[in-house]
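Chemist: 3D model of this:
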Amino acid sequence: MRSQVSSVFVPICTFAVVAFFGSNAGAATGAQYKVHVKKDSASIPRCTTDPGLADSEDAQDDLLVDIVDNAGAEVVAPEELQIAARDAAAKVERIGTITTSERAKSFRGSFAGKTLVVTGASLSCNVQLEQKPAAAEPNPPASDTPTQHFAALDDEALVYLQSTLKLANHGIEGSEALGRKIVLYHLPGGAPAFPIPSHVTEKDEIAIKVAAPKDAIVQIEVSSCDAVPGVRVLGTYADVSKIAVLALHAAQRMYVLRGNDKTLSCANSLAYKITVTDGSNVVSTTTTIPIDPIYRISWGAAVIFDFGRPRQIGLKDRPTTDGTGTEKYVSQTDDYSGFRPIVLLALHFCGLNPRKWNVCDLVAPVVGADLSRLSSGFLAGIEIMPYSGIGVIGGISVFKSDVLDPAARVSVNDTFSATGTVPKSSAFNREGVGAFLGVAVTSDIFSQLSPAK
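Modeler: The predicted structure follows:
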């Protein structure tokens, strides 16, 4: 479940991000900042800044992101990197992307006093850059805003998670088919420490943990977590019935994990707010996770070939023996039932997630009904679903066969001269038992295939 961060990159190649930022606040020109991000001997990304500030060519700020190896030579990005800037109000502005075919890219804009955020598939980097000092104030006092404070805490907390706890992802135990136990780790700023797993479902149990300084106050408020229904049915009978990168420093504070001990199983969505108070600094962050619905029963429609041969008794016409006319006689047929449209119900033991098929959805027991002979019998079998919503079915069909009334004292092929119909009844017997094969779809797929009225 857990893997070291170092395993994501080629061991012989580390990378650095060289960023040039400037300030245009109160000056005719912006300033350039250089930030280098490299992995140390423990394969942990660390951030250092060069002393001194240079002016940009005009009032706008310059940003250059350059990927280099340990020798300082430019190399292509080992993974796609997203470049963004976060201001003091925690508003994040996307700047651009460095693809795996690029060595460097330049950007221009207003970035003074913002936090540079570089993220990839396996890292999250944020670096706080100060504004260029005004000429009248050569040595302005350094300010520590809540955004700067928690940016530093986030850096230290990620070191704690990766180095001390040896975590490279959220905690996930179990399988998607049967349900997982998921521990979501968050930084002191409230943001998830790692990417949220895709396709969280109603079968999953979720715990929320925050890596925060030992003396910080952590509050977690869950604002949305609907109760999971006992049995959810996919579709309706009406549907189918129509078929008739980060600056890391050695953490000086002691960090601990805080959170709710009780796990959550939610329907629709899980929304929660994390509030962390560290001294006089307070930050609140809200996270919303969509929850995939799980269905234990699903309606479906199918077209099958029924190999059953239930006996059918009725009256037919034939020439009289003297050839002068016709007469009614008792006929019997036992042809294959043939191609039939049916509706069916499937039982999904593991719970069906239409948004993501898994191997436990491959086989499901089904029962079916032929709407043209609804009161005469049923079908039962197995559905094999290699893709979500579409499968093949097979099993047995059991339908009633016609039986002549013994009191009528008439047999098959006898001339029937009485008025009305042949005295008969229907009964389950071996003549009405057969096999069937067909193709089935769930009701949501069938609704999309059916022409709209």
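Chemist: Please count neighbours and contacts with C-alpha atoms only from this point.
Modeler: Noted.
Chemist: Please tell me how far residue 373 sits from residue 340.
Modeler: To residue 340, residue 373 is 10 Å away according to CA to CA, to the nearest Å.
Chemist: Of the two, which one has the most company?
Modeler: Of the pair residue 373 and residue 340, residue 340 is the one with more neighbours under other CA atoms under 10 Å, namely 17 against 11.
Chemist: Just confirm the more buried one contacts residue 304, I think it does.
Modeler: Yes - with contact defined as CA atoms under 8 Å, residue 340 counts as touching residue 304 (5.4 Å).
Chemist: Residue 352 pairs with what?
Modeler: For residue 352, the beta-bridge partners are residue 295 (DSSP bridges).
Chemist: ok now do it, which residues does it touch?
Modeler: Each residue near residue 352 by CA atoms under 8 Å, 6 or more residues apart in numbering is listed here: 294-296, 361.
Chemist: residues contacting the spatially closest residue to residue 320 that is not a sequence neighbour?
Modeler: Spatial nearest neighbour of residue 320, excluding adjacent residues (CA to CA, 6 or more residues apart in numbering): residue 326 at 5.1 Å. When the contact criterion is CA under 8 Å, 6+ apart, the partners of residue 326 are 317-320.
Chemist: Repeat that for residue 157.
Modeler: 187-188, 211-212, 251, 255.
Chemist: Can you find which helix in this structure contains the most residues?
Modeler: Longest helix in the chain, counting residues (DSSP state H): helix 146-159.
Chemist: Tell me the helix or strand right after that one.
Modeler: Using DSSP states H and E, the helix or strand that follows helix 146-159 in sequence is strand 171-175.
Chemist: list the helices and strands that following strand packs on?
Modeler: strand 179-186 (3 or more CA pairs under 8 Å, 6 or more residues apart in numbering; DSSP states H and E).
Chemist: what about the strand it packs on, distance to the chain center?
Modeler: Relative to the centre of its chain, strand 179-186 is centred 14 Å away, using CA atoms, centre = their mean, to the nearest Å.
Chemist: where do the strands sit along the stretch 351-453 of the chain?
Modeler: Secondary structure of the stretch 351-453 of the chain by DSSP state E, counting those that start in this stretch: the strands cover 363-369, 377-387, 390-399, 401-404, 424-427, 433-442.
Chemist: List buried residues within the contacts of residue 352.
Modeler: Among the contacts of residue 352, those classed as buried by 16 or more other CA atoms under 10 Å are 294-296, 361.
Chemist: Need the residues you listed in TSV (columns: pLDDT).
Modeler: As requested, these are exported to TSV (pLDDT from 0 to 100):
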residue	pLDDT
294	89
295	89
296	89
361	85
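Chemist: Distance to residue 96 for the residues you listed - can I get that in TSV?
Modeler: Shown next, in TSV, are the buried ones among the contacts of residue 352 (distance: CA to CA, whole Å):
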residue	distance to residue 96
294	37
295	40
296	44
361	40
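Chemist: and which of those residues is nearest to residue 288?
Modeler: When these are ranked by distance to residue 288 (CA to CA), residue 294 comes first, at 18.8 Å.
Chemist: what sits against that closest one?
Modeler: Neighbouring residues of residue 294 by CA under 8 Å, 6+ apart: 201-203, 232, 351-354.
Chemist: Tell me what residue 415 is bridged to.
Modeler: Beta bridges link residue 415 to residue 329, judged by DSSP bridges.
Chemist: going forward, begin numbering at 679 instead of 1
Modeler: Sure, I'll start counting at 679 from here, so that last one is residue 1093.
Chemist: For residue 971, give its distance to residue 877.
Modeler: Between residue 971 and residue 877 the distance, using CA to CA, works out to 10 Å.
Chemist: Name the residue in these two with the higher neighbour count.
Modeler: Remark: of residue 971 and residue 877, residue 971 carries more neighbours, 23 against 16, as counted by other CA under 10 Å.
Chemist: Please look at that one and residue 882 and confirm they touch.
Modeler: No - using CA under 8 Å, residue 971 makes no contact with residue 882, being 10.9 Å away.
Chemist: what's the angle from the longest helix of the chain to strand 857-864?
Modeler: Angle between the axes of helix 824-837 and strand 857-864 is 130 degrees (criterion: axes from the mean of the first three to the mean of the last three CA atoms, to 10 degrees).
Chemist: For helix 824-837, the averaged confidence score.
Modeler: Averaging pLDDT along helix 824-837 gives 88.
Chemist: what does stretch 989-1009 give?
Modeler: For stretch 989-1009, the per-residue pLDDT values average out at 86.
Chemist: Go through it and flag the buried ones.
Modeler: Neighbour-count burial for stretch 989-1009 flags 989, 991-993, 1006-1009 (criterion: 16+ other CA under 10 Å).
Chemist: Quick one: end-to-end length of that stretch, please.
Modeler: Using CA to CA, the two ends of stretch 989-1009 sit 10 Å apart.
Chemist: Quick check: closest non-adjacent residue to residue 968.
Modeler: Excluding its sequence neighbours, the residue lying closest to residue 968 (CA to CA, 6+ apart) is residue 947, at 4.4 Å.
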